[in-house]
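J.: following is a predicted model, sequence given first.
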Number of protein chains: 2
Amino acid sequence: MVDGTNTHKDMLGRSSLISVQQALDILLGLLVEIKVAAESIPLTEAFDRVLAEPINSPVNLPTEARSTMDGFAVRAVDTFGASQSAPCYLNITGEVKMGEAPQGEIPQGCCYKIPTGGLLPSGADGVVMLEQTVPVDETMIEIVKGVGSGVNVIAKGEDIGLGEEALAAGRLLRPQDVGLLAGLGVVEVKVFKRVRVGILATGDEIIAHTKVPKPGQIRNINSLALAGQVRRAGGVSIDYPIVSDQEDIFLPALKQAVQENDIVLFSGGSSVGVRDLGEQVIQALGPPGILVHGVTLKPGKPVLIGMSDTTPIFGLPGHPVSAMVCFDFFVRPAMESLSGQMRQAEIPSPWVEAKLTRNLNSAPGRRDVVRVKLMKENDIWYADPILGKSGSISTLSRAHGYFQIDEDSQGVTENTTIKVYLYI
Amino acid sequence: MVDGTNTHKDMLGRSSLISVQQALDILLGLLVEIKVAAESIPLTEAFDRVLAEPINSPVNLPTEARSTMDGFAVRAVDTFGASQSAPCYLNITGEVKMGEAPQGEIPQGCCYKIPTGGLLPSGADGVVMLEQTVPVDETMIEIVKGVGSGVNVIAKGEDIGLGEEALAAGRLLRPQDVGLLAGLGVVEVKVFKRVRVGILATGDEIIAHTKVPKPGQIRNINSLALAGQVRRAGGVSIDYPIVSDQEDIFLPALKQAVQENDIVLFSGGSSVGVRDLGEQVIQALGPPGILVHGVTLKPGKPVLIGMSDTTPIFGLPGHPVSAMVCFDFFVRPAMESLSGQMRQAEIPSPWVEAKLTRNLNSAPGRRDVVRVKLMKENDIWYADPILGKSGSISTLSRAHGYFQIDEDSQGVTENTTIKVYLYI
């Protein structure tokens, strides 16, 4: 359907395009209080999940003082002043074995052999490294450098103390975080459920990628590409059958997806008619209904953002590149907000600096997202813009990342250093 | 076991510590010709897998020329010179429907309505955007801006042409790459199998994280943390039971793991005795046997790298931070090499620039890996070094990333801008 309606104006004829930041503020503002539910899972399955509650250490780690070196556990005071020219001599009266509690107590003037990780025996408060000793015989060692109290020792609770906060709620569990929890003996953790994202493809011309298109038909690119994006963002994607862009078919399909997911995406034709239908069905599932219809972003201008009760709904442009850019700018932040994850606030997105290889113009008042190919020469990265149409998925596949030309810029000149956000 | 053997010297008494780069060169040099096997899988499961062969496009994409705008398909020559002051008028003699082949041919002086994505009808070679037209009545349109041939049209094969290379072998399939293949109608892809990494924990003092330690025992931190690292690097981790650090138990366990995996890691005590045992068992499984025993890296100095036939074996230090750093520097590159992935060559690792918050000294001739916490102030990132012991897993859990002080540096001063590689 083609008609003369210009959906970039509201009923009073004012332009309703808003900036990316304004759109995000509206969307994320409504999501502040909304989180997915939590569940308890074994620590062994918790990698890359998001903690739903803080974890305070149930133990001291280490549980007792340990040696951090191979050497001899000593009363530090017995070694004070020892040097190459004036060594001291200690009797070896015991040995600490790995995995066992040390026997007895070190008498004055004596020491125990101790391996790295061995428990400090009673009486000892320091460890002399093997390299600072000279064996005299089986029962005596020469110390050529004295140690102070606590040297070469990791104290009880030094890694983390009993009751101390080990990890805050909202932490995405990286390998080292799971390792820390294993060290504390945590067996089960309460995490947020993965965000479920329903993906619908709409359009009478769209067919499954496994089918052979008849004239005018197009294989479904967006569903699989968006499913990959959802997984990258830590979510679970639910693929729905392709639906016709007629209201009596599309509306019930979208309604079902909204009931079954935390977020719903649909993408389809970019024609005005299909876009109008998208607005109608989002509105029909409201309130709050349509929040954003169109942003000053290229590619991605015609994006629709709405909400049905607590479920964000995104009408993504049909052009694959536009759909993927809108995912980056709107869907991923919404997923992160719902997921309970605090990472976004803590860690910057990965980017590299690169020099732009040519001049690029941009319309002021619009944010341009420019796909680039990166090349390295003499240890400097160069970013070569990929200038294909937003319907061209191969341009995105050739890209290593993108950079942005902001709303207040009219363009960027060759050799400018730009920030390239990576498509990892 | 503690003894006086200094394993950092070879039989002639020369230091056998080598640099990180030398160790990598030896290891990766031996892996050049070794890749995991390939398998065919459905495209729907191919996300994040590595292509084992190039894919040439079996079709033109798009299959026929399409409109990239809502508007009117025209013979461009009929619109030449049209402007606001001198518009031209065309008869609307048809309409292109989505998903259908256009009927007939556009006669001279005529046009068809066309939606975004619609197939260009016979005779048409350009599209006038809706915004550049004024409706006269149902059968006639006023054109206020002429178009040239090819304008607002994506040509047949413009995204990618029949026979063109769509993706090279070795490509890690990102969301957009899977999307591209869907667009080409690729249903099945040949990918490299995921790299299998066997993980053993050794040491009489190590117990499962689910158990309560007796005095001297330590919960197993490294197995779970390393398993997470393996997954982050796209591999499959296989967890083996904790084994005693006695040769008659350790050697057969390691041998079995080598038979069942593409790479084997073991980590355990950091004492000299355990390290000697590690060298012995790697050597017993050779050739080629031990390749690297110790590197000028802190933390991570005592790492062992060996190989049994085509299977790399890594003896990682027992201290969790050291084990994780050695994973980053040695195991991940080995995994990427075996995986067939070409990404490392193409895309830089994610890092950010940050200002160091304090002076740090470093011994020349050694590479220091310093964990940092990132903080943002006035849009500038600051990196605060975390200076705990390498046995302290919580230091790694508090870190957002790390930076390196190179072998030829004696330290870095406060406020220096450093490159922080992110622990994402």
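T.: Now that the structure is in, tell me what you want to look at. Residues are numbered from 1 along each chain as shown, chains lettered A, B, ... in the order given.

J.: next one: phi and psi at residue A:82?
T.: Per-residue torsions, residue A:82: phi -60, psi 140 (degrees, to the nearest 10).

J.: and it, how many residues sit next to it?
T.: Neighbours of residue A:82 under the rule other C-beta atoms under 10 Å in any protein chain shown: 22. Yep, even glycine has a C-beta here, placed from its N, CA and C like the rest.

J.: measure it to residue B:250 for me?
T.: Note on residue A:82: its distance to residue B:250, by C-beta to C-beta, to the nearest Å, is 37 Å.

J.: show me where chain A has helices.
T.: A:20-31, A:76-79, A:175-183, A:222-232, A:247-260, A:272-284, A:320-326, A:332-339, A:343-346, A:393-397 (DSSP state H).

J.: export these to CSV and tack on distance to residue B:168?
T.: Listed next are the helices of chain A as CSV, based on distance: least, C-beta to C-beta, whole Å:
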stretch, distance to residue B:168
helix A:20-31, 33
helix A:76-79, 62
helix A:175-183, 30
helix A:222-232, 19
helix A:247-260, 36
helix A:272-284, 35
helix A:320-326, 20
helix A:332-339, 27
helix A:343-346, 32
helix A:393-397, 11
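
J.: and of those, who's closest to residue A:141?
T.: helix A:76-79 (10.7 Å; C-beta to C-beta).

J.: list the contacts of the closest one.
T.: A:88, A:90, A:108-109, A:111, A:125-126, A:128, A:143, A:146-151 (C-beta atoms under 8 Å, 6 or more residues apart in numbering or on different chains).

J.: hmm, which of these are the buried ones?
T.: Neighbour counting by 16 or more other C-beta atoms under 10 Å in any protein chain shown classes A:88, A:90, A:111, A:125, A:126, A:128, A:143, A:146, A:147, A:151 among these as buried.

J.: by average pLDDT, which secondary structure element in chain A comes out worst?
T.: Least confident helix or strand, chain A: helix A:343-346 with a mean of 53, by mean pLDDT, DSSP states H and E.

J.: what's the local residue count around residue A:410?
T.: Considering only other C-beta under 10 Å, residue A:410 is surrounded by 10 other residues.

J.: actually residue A:389, not the one I typed
T.: 17.

J.: check the offset of stretch A:34-53 from the chain's centre.
T.: For stretch A:34-53, the gap between its own C-alpha mean and the chain's C-alpha mean amounts to 14 Å (C-alpha atoms, centre = their mean, to the nearest Å).

J.: close to chain B, is it?
T.: Yes - counting by C-beta under 8 Å from any C-beta of the partner chain, chain B has neighbours in stretch A:34-53: A:43, A:44, A:47, A:48.

J.: from those, which is closest to chain B?
T.: Top of the list for closeness to chain B, among the residues of stretch A:34-53 next to chain B and by C-beta to the nearest C-beta, is residue A:47 at 4.5 Å.

J.: what sits against that closest one?
T.: A:173, A:175, A:178, B:224, B:227, B:228, B:231.

J.: chain neighbours aside, what residue packs nearest to the second one?
T.: Nearest residue to residue A:175 in three dimensions, chain neighbours excluded: residue B:228, at 3.0 Å (C-beta to C-beta, 6 or more residues apart in numbering or on different chains).

J.: contact partners for that neighbour?
T.: With C-beta under 8 Å, 6+ apart, residue B:228 has these contacts: A:47, A:48, A:174, A:175, A:176, A:178, A:179.

J.: was I right about the fourth one contacting residue B:222?
T.: Read that as residue A:175. No - using C-beta atoms under 8 Å, residue A:175 makes no contact with residue B:222, being 10.1 Å away.

J.: okay, these two: which has more neighbours?
T.: The residue with more neighbours, out of residue A:175 and residue B:222, is residue B:222; 30 against 23, by other C-beta under 10 Å.

J.: pick out the most distant pair among the contacts of helix A:76-79.
T.: Top of the distance list for the contacts of helix A:76-79 (C-beta to C-beta): A:109 and A:150, 20.2 Å.

J.: low-confidence regions, the stretch 1-150 of chain A specifically.
T.: Within the stretch 1-150 of chain A, the segments meeting pLDDT under 70 span A:1-15.

J.: 50 instead, please
T.: The model of the stretch 1-150 of chain A has pLDDT under 50 over residues A:1-8, A:10-15.

J.: got the residues of it near chain B?
T.: A:1-2, A:4, A:6, A:43-44, A:47-48, A:61-64, A:66, A:68, A:70-71, A:95, A:97-102, A:113-119, A:130-131, A:135.

J.: among the residues you listed, name the ones in strands.
T.: A:66, A:71, A:95, A:113, A:114, A:135 (DSSP state E).

J.: measure the last one to residue B:247 for me?
T.: It refers to residue A:135. 25 Å.

J.: the second one now?
T.: Computed with C-beta to C-beta, the distance linking residue A:71 and residue B:247 is 24 Å.

J.: which of those two has more residues huddled nearby?
T.: residue A:71 (29 against 13).

J.: surely the more buried one is in contact with residue A:114?
T.: Yes - the pair residue A:71 / residue A:114 is scored as a contact, 6.3 Å apart, by C-beta under 8 Å.

J.: what about the residue nearest to residue A:266 when sequence neighbours are not counted, neighbour count?
T.: In this structure, residue A:266 finds its nearest non-sequential neighbour in residue A:200, 4.1 Å apart by C-beta to C-beta, 6+ apart. By the measure other C-beta under 10 Å, the count of residues near residue A:200 is 24.

J.: got the contact list for residue A:200?
T.: Neighbouring residues of residue A:200 by C-beta under 8 Å, 6+ apart: A:240, A:242, A:243, A:253, A:254, A:257, A:264, A:265, A:266, A:267.

J.: ok, 7 Å please
T.: Residue A:200 makes contact with A:240, A:243, A:253, A:254, A:257, A:264, A:266 under the criterion C-beta atoms under 7 Å, 6 or more residues apart in numbering or on different chains.

J.: wait, which of these is closest to chain B?
T.: Nearest to chain B among those, with distances taken as C-beta to the nearest C-beta, is residue A:243, at 12.9 Å.

J.: and the residue nearest to that closest one when sequence neighbours are not counted, what pLDDT?
T.: Sequence neighbours aside, residue A:253 is the residue nearest to residue A:243 in space, at 4.5 Å (criterion: C-beta to C-beta, 6+ apart). The pLDDT attached to residue A:253 in the predicted structure is 96.

J.: so for the nearest residue to residue A:218 once chain neighbours are set aside, what pLDDT did the model give?
T.: Among residues not flanking residue A:218 along the chain, residue A:205 sits closest, at 5.4 Å (C-beta to C-beta, 6+ apart). Note on residue A:205: pLDDT of 88.

J.: and residue A:205, how many residues sit next to it?
T.: Neighbour tally, residue A:205, other C-beta under 10 Å: 23.

J.: so who does it touch?
T.: A:216, A:217, A:218, B:98, B:99, B:117.

J.: wait, which of the residues you listed is closest to residue B:274?
T.: For the contacts of residue A:205, the nearest to residue B:274 is residue A:218 (61.2 Å; C-beta to C-beta).

J.: what about that closest one, how many residues nearby?
T.: The tally of other residues near residue A:218 (other C-beta under 10 Å) stands at 23.

J.: go on, the one 3 residues further on?
T.: Neighbouring residues of residue A:221 were enumerated by other C-beta under 10 Å; the total is 29.

J.: for it, give me phi and psi.
T.: Phi and psi for residue A:221, reported as degrees, to the nearest 10, are phi -90, psi -40.

J.: next one: residue A:359
T.: phi -70, psi 140.

J.: count of neighbours near it?
T.: When neighbours are counted by other C-beta under 10 Å, residue A:359 registers 12.

J.: repeat for residue A:362
T.: So residue A:362, with other C-beta under 10 Å, has 18 neighbours.

J.: name the nearest residue to it, sequence neighbours excluded.
T.: Residue A:362's closest residue in space is residue A:405 (C-beta to C-beta, 6+ apart), at 4.2 Å.
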